[in-house]
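Chemist: pasted the sequence and its predicted model underneath.
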Amino acid sequence: MKGTRLGFGLLLCMAVTVGFRGAPVWAAAEKPNILLIMVDNLGYGELGVYGGGALRGAPTPHIDHLAAEGMRLTNFNVEPQCTPSRSALMTGRHPIRSGTTKVVWGMLYGLTQWEKTLAELLSEQGYATGMFGKWHLGDTVGRFPTDQGFDEWYGIANTTDEAQYSTQFQYDAEVGLKPFIQQARRGEVPENVMPYNLSVRREIDTELTRRAIDFMQRKRTSEQPFFAFVPLTQVHLPTLPHPDFAGVTGYGDFADSVVEMDHHVGDLLDTVEKLGIRDNTIVIFASDNGPEEVPAYHGTSGYWRGHYFTALEGSLRAPFIIRWPARVPVGKVSNDIVHITDLLPTFARAAGYSVPEDRLIDGVDQSELFFTPEGRSVREGFPVYNGDELYAYKWRDWKVHFVELNSMFGAPQKLNIPHIYNVIRDPKEDFNIAPDATWVLPVVMSRVIDFQQTLAKEPPIMLGTPDPYRPARDPG
């Protein structure tokens, strides 16, 4: 690892440039730390800097300030569900390839060990890797975070709504699932720390933040570059604030929870400052999905329409903010399309890892967009799968729906003729203008066919596939 780190430092000192127009020249003396904060089901319209904040009864000054110091995306796109988004982040691949498009209770799920995760790539370059929060990419031996590149983990393997189980109607402890907060170090079988119930749910994000801060402090002392992945549980249902934040807004549990979330982000950012590592730390704040739709805990997608589990813009567009002083342009706002798969290839050069070449990677290198003032996205669109079915394709300012679903509680409608929306003219996707925009269909369908051909070239891993897995065909 020491040799690798020295070699990378020399490479950076030689000012290697990214190979396209307008790309940045790297001139750092050491690898950047990475603090990636991912919140759960925070809709586009919740944060102050995205038009919410005080208007939602929940000011978010710390996150808003982070946006002022860095770059904000207004067209950052995720997947319609939690597991697919987290899979796309970790692998740079669309979940349809990885067998991670959904979770079916009672069935083996999660990333196979064959997948190469962001944590594994960073670990191979000498990074200390710690995760503090929700995983949702496997809850069996071989598929926990510490099996997939993380040195240490504290959090929940699955999802926050499991905290409700023990208090739900006629819950039977003899047969019902018993969720736990767990912890492990690399190579260990996770141990149960405490039951995950409603009272613990209120306190978990405070503990996740404390442990993430401790991790950063320890790695600063050891002078080892770190990847701190902090997937907080707020504002996923049940959206219940820590007792210290209950009632602070006067607008109920949801608003109190948003304020709590912003406070924890502030604590993490303050730690970066106090440790003196601000200038060489990439900080990312993002949400994994659009907002909740359950009435008691519903959020807002703001300017857009829809909640997660749909292919509407409100499901796909999520907050994304990045800060890396002297590299990310201060105050830049971009409406160019970026997909969550793009993060893995974008940070390859900065962290010194190579993007895997033995499998199809869907993410694209967005260095020009992120690290130059006038840089633009190199992505024009992407397919939208909900489960294993293609629901839509987003291309430029257009959205073509093949299956329409307006509510996670509704019934999907397979369309005989695709619906076409222009999200600039019609951000709510209310008016199908297919008769007046038929030219879009052959353009989009050619891209759909191209993508489907890649699925034939490298057959997808099926949900429930056990380890060890080996690809059926070489992507070549």
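Modeler: Great, that's in hand.
Chemist: next, the distance between the ends of stretch 309-321.
Modeler: One end of stretch 309-321 to the other measures 23 Å (CA to CA, to the nearest Å).
Chemist: please apply the same query to stretch 47-57.
Modeler: 10 Å.
Chemist: stretch 290-297: how far from the chain's middle?
Modeler: Distance of stretch 290-297 from the chain centroid (CA atoms, centre = their mean, to the nearest Å) equals 18 Å.
Chemist: whoops, I mixed them up, stretch 115-125
Modeler: 16 Å.
Chemist: going by neighbour count, which residues in that stretch are buried?
Modeler: By neighbour count with 16 or more other CB atoms under 10 Å, stretch 115-125 contains the buried residues Glu115, Lys116, Thr117, Leu118, Ala119, Glu120, Leu121, Leu122, Ser123, Gln125. Bear in mind the C-beta positions are built from the backbone N, C-alpha and C, glycine included.
Chemist: mind checking which helix or strand the fifth one is in?
Modeler: Yep, that's Ala119 we're talking about. helix 118-124 (DSSP states H and E).
Chemist: mind giving me the packing neighbours of that helix?
Modeler: helix 82-91, strand 128-134, strand 226-231, helix 343-346, helix 348-351 (3 or more CB pairs under 8 Å, 6 or more residues apart in numbering; DSSP states H and E).
Chemist: strand 128-134 and the third one, what's the angle between them?
Modeler: Just to be clear, that refers to strand 226-231. Per axes from the mean of the first three to the mean of the last three CA atoms, to 10 degrees, the angle that strand 226-231 makes with strand 128-134 is 10 degrees.
Chemist: quick one: whichever helix or strand comes after strand 226-231 to strand 226-231, angle?
Modeler: Once strand 226-231 ends, the next helix or strand along the chain (criterion: DSSP H and E) is helix 253-274. Orientation of helix 253-274 against strand 226-231 (the same axes, to 10 degrees) gives an angle of 170 degrees.
Chemist: out of the helices and strands packed on helix 118-124, the one nearest Asn192 is which?
Modeler: For Asn192, the closest of the helices and strands packed on helix 118-124 is strand 128-134, at 16.0 Å, according to CB to CB.
Chemist: contacts for whichever helix or strand comes after that closest one, please.
Modeler: Scanning forward in sequence from strand 128-134 by DSSP H and E, the next helix or strand is strand 152-156. Outside strand 152-156, the residues that touch it by CB atoms under 8 Å, 6 or more residues apart in numbering are 129-135, 144-146, 162, 179-186, 190, 193, 196, 204, 207-208, 211, 215, 231, 233.
Chemist: what is the nearest of the buried residues of stretch 115-125 to Arg220?
Modeler: Leu122 (16.6 Å).
Chemist: skipping adjacent residues, who's closest to the closest one in space?
Modeler: Once flanking residues are discounted, Leu122 sits nearest to Phe227: 4.6 Å by CB to CB, 6 or more residues apart in numbering.
Chemist: show me what that neighbour is bridged to.
Modeler: Ile34, Thr129 (DSSP bridges).
Chemist: longest strand of this structure, counting residues only.
Modeler: strand 413-422 (DSSP state E).
Chemist: can you name every helix or strand that it contacts?
Modeler: By 3+ CB pairs under 8 Å, 6+ apart, strand 413-422 packs against strand 398-404, helix 440-457.
Chemist: gap between the helix or strand where Tyr391 lies and the chain center?
Modeler: Assessed by DSSP H and E, Tyr391 sits inside strand 389-395. Remark: strand 389-395 is offset 19 Å from the chain centroid, using CA atoms, centre = their mean.
Chemist: before we move on, back to that, just to check, the residue nearest to Leu122 is in contact with Gly130?
Modeler: Yes - using CB atoms under 8 Å, Phe227 makes contact with Gly130 at a distance of 7.4 Å.
Chemist: these two - which one has more neighbours?
Modeler: Legend: neighbour count by other CB atoms under 10 Å for Phe227 and Gly130, higher for Phe227 (29 against 25).
Chemist: got any ranges where the protein has weak pLDDT?
Modeler: Within the chain, the stretches with pLDDT under 70 are 1-29, 473-476.
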